[in-house]
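**Q** no sequence for this one, just the structure:
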């Protein structure tokens, strides 16, 4: 029973990472957390295929949505028994608004806002056996934010940002430490900005160290105005 209670505590901690990251970033940017939306959308895997259609980032783009798929895994042991909790979540944002403008050197996100309504699924393993599973609803409203950053084009399909807070605005602050670059691809009047985040850390849960692995892929969808 003690082991199971500890596992459930760890599961709760993993589920709360989604909200905790947004709250932490909200404190940094002055954006409050909270809110709900009535639509539950759980999409399949994100299509990150790079389309070869020529395009340029320069211009004004409507913010259409942000898609995210990710997993968080915590691994540890108790009494020599390997234990693992795997949390997965994915979503396509709703109630999207705002614009992104690029000139030859600077990009500006203006009045970006969206909401997320999804479910996080968590599976708990003891050895190779699933001993529990939990489905947790996650509802979050991300109020209006704006940011700008100088950027450089790297190769044929990548952008590097001077100010990583630009990606914070486009992704709602859901990445603990946003990267400073992304891949871009074009399809007609649509542009995708694909951000990949990977991190491995050791965290302490009631005195028990756990290896926590996070992998997230976020795709920002924009439409040329």
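**A** That came in fine, so what should we check first? Worth saying up front: this structure is predicted, and the values here are computed from it rather than measured.

**Q** mind naming the longest strand for the protein?
**A** Longest strand in the chain, counting residues (DSSP state E): strand 129-154.

**Q** ok, then the element right after that one?
**A** strand 158-161 (DSSP states H and E).

**Q** quick one: buried residues of that next one?
**A** 159, 161 (16 or more other Cβ atoms under 10 Å). Where C-beta positions appear, they are placed from N, C-alpha and C, glycine not excepted.

**Q** give the other helices and strands that that strand contacts.
**A** Contact here means 3 or more Cβ pairs under 8 Å, 6 or more residues apart in numbering; DSSP states H and E; on that basis strand 158-161 packs against strand 129-154, strand 181-187.

**Q** what's the least confident stretch among the ones you listed?
**A** Among the helices and strands packed on strand 158-161, strand 129-154 carries the lowest mean pLDDT, at a mean of 90.

**Q** what pairs with it, and is each one parallel or antiparallel?
**A** Looking at strand 129-154 with DSSP bridges, its partner strands are strand 106-126 (antiparallel), strand 158-161 (antiparallel).

**Q** among those, which comes closest to residue 197?
**A** strand 158-161 (14.1 Å; Cβ to Cβ).

**Q** so which residue of the protein lies furthest out from the middle?
**A** Within the chain, the residue lying farthest from the chain centre (Cα atoms, centre = their mean) is residue 79, at 34.3 Å.

**Q** got the angle for the longest strand of the chain vs strand 181-187?
**A** Between the axes of strand 129-154 and strand 181-187, defined by axes from the mean of the first three to the mean of the last three Cα atoms, to 10 degrees, the angle is 80 degrees.

**Q** check which residues of strand 129-154 are buried.
**A** Buried residues in strand 129-154, counted by 16+ other Cβ under 10 Å: 134, 136, 138, 140, 141, 142, 143, 145, 147, 148, 149, 151.

**Q** now for the helices and strands packed on strand 158-161, which one comes closest to residue 210?
**A** Comparison of the helices and strands packed on strand 158-161 against residue 210 by Cβ to Cβ identifies strand 129-154 as nearest, at 16.3 Å.

**Q** who does residue 220 form a beta bridge with?
**A** Counting by DSSP bridges, residue 220 is bridged to residue 66, residue 193.

**Q** ok, it touching residue 193?
**A** Yes. Counting by Cβ atoms under 8 Å, residue 193 is a contact partner of residue 220 at 4.2 Å.
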